Every structure is written in structure tokens, then in C-alpha cells.
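Visitor: predicted model and sequence follow; I will ask about them next.
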Amino acid sequence: MARFLVTGGAGYVGSHVVLALKERGDDVVVIDDLRQGHRAAIPEGVELVVADLADRARVADVLAGWKFDGVLHFAALSLVGESMREPLRYITENLSNTLGLADAAIKAGCQRFVLSSTAALFGFPERLPIDEGCRLGPVSAYGESKLMAERGLEWAERVHGLRSASLRYFNAAGADPQGRLGEDHNPETHLIPLAINAALGLGPELTLFGTDYDTPDGTCIRDYVHVTDLADAHLRVLGVLEQGRSVRYNVGNGSGYSVREVIDTVQRVTGRPVPYRTGPRRLGDPAVLVASNTLLREETGWTPQYAALEDIVRTAYAWRAAHPHGFDDSARPVAA
Ligand SMILES: NC(=O)c1ccc[n+]([C@@H]2O[C@H](COP(=O)([O-])OP(=O)(O)OC[C@H]3O[C@@H](n4cnc5c(N)ncnc54)[C@H](O)[C@@H]3O)[C@@H](O)[C@H]2O)c1
Ligand SMILES: O=c1ccn([C@@H]2O[C@H](COP(=O)(O)OP(=O)(O)O[C@H]3O[C@H](CO)[C@H](O)[C@H](O)[C@H]3O)[C@@H](O)[C@H]2O)c(=O)[nH]1
């Protein structure tokens with residue numbers, strides 16, 4: 001049995017990874033200040049330390065107090081639009097929290113570190129699908145903050161030998177297929193939950209950001225990757241890090257769907273219309289983002305189990321239909 005520290009483990013992607021680690025028998029400690037996360041998303045048997053990563057002394061205490069086999073770092077500011085209004089806060093906070101955590105891990109003798117990175121590193125991509133060799137050129141302060149964090153980790157390896165994996169997620173979506181966890185952000189900004197909420201009458205009508213892109217139906221194309229497949233990728237890269245080298249992988253299904261295709265799928269799965277109107281483009285949205293996942297597949301054996309958009313939407317819908325108001329934070333934790 002191994003023991004892992006998970007920052008942001010009460011949040012959307014982090015909680016699915018915590019569940020996957022618990023299910024394979026690992027010991028997990030979560031640090032989350034619950035600004036977005038949910039106590040009810042933490043499985044029984046997982047210690048939750050409610051703390052801001054900016055509290056360096058607390059983070060160092062946690063790392064020194066347990067002997068961890070690795071750190072998985074999800075906690076971050078992650079709204080692209082907000083990052084363009086507050087770029088310095090995004091860059092300062094995401095970079096300093098990542099490097100402060102890496103520093104504490106090194107001092108505590110922990111040698112494995114997994115960073116939640118992003119497709120936003122590639123900005124307007126030079127080619128499709130986007131492989132790990134594509135030019136890095138973020139067009140948002142959010143993307144820049146993650147690129148700087150990746151670079152900081154490269155120095156941590158060079159000088160201190162910290163092995164890290166930077167996983168550039170494309171669009172995380174869906175929910176635990178057994179219905180134990182789901183996506184519950186406030187505010188919600190992601191397309192699939194917004195479309196489901198609109199269909200169920202739980203949220204406002206959807207605004208479709210731009211219909212004049214150079215794509216077959218004029219709307220943006222994205223690579224939606226199921227959060228459970230994403231969790232599996234984390235488990236696999238922990239194994240790669242054990243072999244002693246740092247890695248960077250793009251994590252997506254390798255196929256793209258347009259915003260209109262997402263809306264159609266939500267209508268089909270829910271059996272209800274998605275009320276929507278068309279609006280202008282959102283600043284900084286590239287027309288198409290689709291990952292090449294060849295490197296991840298070849299080096300880790302990762303194969304997505306929920307690659308079909310319909311499966312992704314079905315699991316997201318099932319969770320939202322069962323939890324119309326999201327997590328009940330006064331309820332018992334989920335059973336792993
Ligand atoms: N969701 C996606 O599609 C997506 C895509 C690419 C990258 N990412 C990255 O993956 C990670 C997780 O994303 P998510 O969608 O699960 O986000 P989320 O907001 O659901 O989860 C983040 C968690 O971190 C916690 N947190 C944030 N700042 C903190 C701090 N300073 N101290 C302690 N806890 C803090 C929040 O309370 C929350 O529980 C983020 O780093 C994000 O940038 C997400
Ligand atoms: O109300 C909405 C919300 C989204 N969209 C469209 O739906 C697509 C998906 O948008 P999301 O906001 O769900 O996701 P993003 O592609 O903007 O963002 C995701 O990918 C980024 C990388 O490009 C970052 O990593 C970010 O954290 C992650 O959520 C985009 O074309 C967007 O324009 C709409 O039309 N209306």
C-alpha cells in the first residue's frame with residue numbers, strides 16, 4: 001500500500017482520482033480549503049486537511065507528518081476568463097502554490113509529483129491533433145501559469161531530482177459511472193454541465209459562444225475526456241514515475257466534438273430540449289483543440305473506457321439528475 005497527498009482532492013477531477021486511489025487500496029490525505037470543493041466528495045477513510053496551500057507552514061507540517069509516496073496537485077485557480085481579468089493573481093498563486101508544494105515535498109523526501117496541467121498551454125495550436133512536441137504558446141494567464149509551473153518542476157528535477165508528471169488535460173467531463181461523484185462548480189463554466197442544467201431547468205439557457213468558426217458547423221471543437229479515464233491516467237503515470245523519469249502527456253480521447261454536437265447529445269441523452277441562444281465568440285477560444293494521446297497510450301498502456309461522447313454525457317446527466325442541487329455537504333462521505 002502506498003500513501004499519497006492530493007491537493008484539491010475535494011474538487012471535481014481530484015475527487016475522482018482520490019476515489020480511484022482508495023479503490024486500489026492506497027492511503028490518501030487531501031489538502032483542500034473547500035473554496036470550490038466539497039466535503040461530501042471525500043470518501044470514508046480519507047483524511048481531509050482544510051487548509052489553503054498558501055499556508056506554507058501547514059503544508060510543510062502535513063508533508064513532514066506523514067511519509068508520502070507521491071503528491072498529486074490539483075488545487076489551482078482554473079477559470080480562463082477570470083485569469084484574463086486578474087492575470088497577476090493567477091500567475092502568482094498557481095506558480096507559488098505549485099513550487100511551494102514541490103519544495104515542501106523535496107524537503108520531506110517525497111520524490112513523485114503529478115501536476116494538473118492543461119491544453120491551454122498550446123494556445124492556438126500549430127497543428128492537429130496536438131502532440132507533446134507542439135509549440136507551447138498560452139494565450140491566457142491561466143495557461144501561462146501552468147506552463148511556468150511545469151518549467152519550475154523541470155528545475156526541481158534537475159537540481160533536486162524530483163520526478164514529475166505534467167498531465168495536460170483537454171476537457172474533463174462526465175462523472176463517476178457508479179454515481180458516487182460528479183461535477184459541482186460554483187459558478188459552473190463548463191459546457192456539458194451547463195447544457196445539462198439548462199435541459200433540466202436547473203440553470204439558465206445556454207449561450208453558444210460563436211457560430212462563425214472555421215469548423216464544419218461553425219462552433220468550436222473540443223476533446224472531451226471522461227473524468228474516470230483521466231483518473232486512470234493518473235494511476236498509470238504514478239507507475240511511470242516509479243521507474244525514475246519525469247514525463248509530460250497530453251490527455252484526451254483524440255477525437256473532437258463541436259458545441260452543437262454536445263448540445264445534440266445532451267438533448268438525446270436527457271430526452272429534453274436544451275434551451276440556448278447564440279452569442280459572440282469568447283475571447284481566447286481556439287476553434288479546435290484535439291489531443292494526440294499516442295504517447296500516453298504507448299508509454300502507460302492507457303486506453304479510455306468511456307470515449308464516446310454519449311457515455312460521457314450519460315454519466316454527467318445521471319449524477320446531476322440524482323443531485324439536482326449538487327453535493328450535500330452535510331451528508332455522509334461517499335463509500336469507496
Ligand atoms: N476541469 C477541466 O476540464 C480541467 C482541464 C484542464 C486542467 N484542469 C486542471 O485540473 C485541476 C482540477 O480542476 P477541477 O476542474 O477539478 O477544479 P476544481 O475547482 O473542481 O477543484 C480544485 C480544488 O482545489 C481546491 N483549491 C483551489 N485552490 C486552493 C488552495 N489555494 N488551497 C487549497 N485548496 C484549493 C478547491 O477548493 C477545489 O476543491 C486544476 O488544476 C485545473 O487547472 C482542469
Ligand atoms: O456557456 C458556454 C460554455 C462553453 N461554451 C463552449 O464550449 C466549449 C468548451 O468550453 P468549456 O468552458 O467547457 O471548456 P474550455 O475548452 O474553455 O476549457 C477547458 O480547457 C481549457 C484548455 O483549453 C482549460 O484547461 C480549462 O481549464 C478547461 O476547463 C468552448 O468551445 C466554449 O466556447 C459555450 O459555447 N457556452
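Guide: On my side now, so go ahead. Numbers count the residues shown, from 1 in each chain. Ligands and ions are numbered 1, 2, ... in the order given.

Visitor: use CA for all of it now, contacts and neighbours both
Guide: Fine.

Visitor: quick one, what contacts Arg35?
Guide: If a contact means CA atoms under 8 Å, 6 or more residues apart in numbering, then Arg35 has no contacts.

Visitor: retrieve the pLDDT associated with it.
Guide: pLDDT for Arg35: 97.

Visitor: and for the one 10 residues further on?
Guide: According to the prediction, Gly45 has pLDDT 95.

Visitor: and it, how many neighbours does it have?
Guide: Neighbour count of Gly45, defined by other CA atoms under 10 Å: 14.

Visitor: now do it against ligand 2, distance only.
Guide: To ligand 2, Gly45 is 29 Å away according to CA to the nearest ligand atom, to the nearest Å.

Visitor: is that residue in a helix, a strand, or coil?
Guide: coil (DSSP: H, G, I helix; E, B strand; the rest coil).

Visitor: and Ala199, by the same measure?
Guide: Relying on three-state DSSP, one would call Ala199 helix.

Visitor: those residues of the protein touching ligand 1, which are they?
Guide: 8, 10-14, 32-37, 51-54, 74-78, 116-118, 169-172 (CA under 6 Å from any ligand atom).

Visitor: check the residues you listed one by one and keep those near ligand 2.
Guide: 78, 118, 170-171.

Visitor: just say helix, strand or coil for Ala233.
Guide: Strictly by three-state DSSP, Ala233 counts as helix.

Visitor: for it, what are its contacts?
Guide: With CA under 8 Å, 6+ apart, Ala233 has these contacts: 251, 300, 302.

Visitor: quick one: mark the members of those that sit in strands.
Guide: Counting by DSSP state E, the part of those found in strands is Val251.

Visitor: check which helices and strands the helix or strand hosting Val225 is in contact with.
Guide: For Val225, the host element (DSSP states H and E) is strand 224-226. Strand 224-226 is packed against strand 171-173, helix 309-322, with contacts defined by 3 or more CA pairs under 8 Å, 6 or more residues apart in numbering; DSSP states H and E.

Visitor: now the last one: average pLDDT?
Guide: Read it as helix 309-322. 98.

Visitor: what of stretch 67-83?
Guide: Computed over stretch 67-83, the average pLDDT equals 97.

Visitor: buried residues in it?
Guide: 68-81, 83 (16 or more other CA atoms under 10 Å).

Visitor: what of stretch 101-112?
Guide: 101-106, 108-112.

Visitor: ends of it, how far apart?
Guide: 12 Å (CA to CA, to the nearest Å).

Visitor: quick check, distance from that stretch to the centre of its chain.
Guide: With CA atoms, centre = their mean, to the nearest Å as the basis, stretch 101-112 stands 22 Å off its chain's centre.

Visitor: now do it: everything it contacts.
Guide: Stretch 101-112 is contacted from outside by 53, 56, 59-60, 63-64, 67-71, 113, 153, 156, 160-164, 238, 241-242, using CA under 8 Å, 6+ apart.

Visitor: try it again at 6 Å.
Guide: 60, 64, 70, 162-164 (CA atoms under 6 Å, 6 or more residues apart in numbering).

Visitor: how much space between Phe4 and ligand 1?
Guide: 16 Å.

Visitor: tell me the contacts of the spatially closest residue to Glu47 that is not a sequence neighbour?
Guide: Distances taken as CA to CA, 6 or more residues apart in numbering place Val29 nearest to Glu47, at 4.9 Å, with adjacent residues excluded. Listed by CA under 6 Å, 6+ apart, the contact set of Val29 reads 5, 46-47.

Visitor: go again using 10 Å as the cut-off
Guide: Each residue near Val29 by CA atoms under 10 Å, 6 or more residues apart in numbering is listed here: 3-7, 9, 18, 42, 45-49, 62-63, 66, 68, 71.

Visitor: likewise for Ala287?
Guide: Residues near Ala287 by CA under 10 Å, 6+ apart: 124-125, 210, 212-215, 218-222, 258, 281.

Visitor: do the strand holding Val225 and ligand 2 meet at all?
Guide: No: counting by CA under 6 Å from any ligand atom, ligand 2 has no neighbours in strand 224-226; the shortest distance is 8.7 Å.

Visitor: isn't Pro216 up against Gly256?
Guide: No: judged on CA atoms under 10 Å, Pro216 makes no contact with Gly256 at a distance of 11.7 Å.

Visitor: would you mind writing the CA trace of the worst-scoring helix or strand of the chain on mean pLDDT as CSV?
Guide: Lowest on mean pLDDT, DSSP states H and E among the helices and strands of the chain sits helix 80-85, with a mean of 93. What follows is helix 80-85 as a C-alpha-only set of coordinates in CSV (Å, rounded to 0.1, in the frame of the first residue of the first chain):
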residue,chain,number,x,y,z
VAL,A,80,-9.6,31.1,-18.2
GLY,A,81,-11.9,34.1,-18.4
GLU,A,82,-11.2,35.2,-14.8
SER,A,83,-7.4,34.8,-15.5
MET,A,84,-7.7,37.5,-18.2
ARG,A,85,-9.2,39.9,-15.6
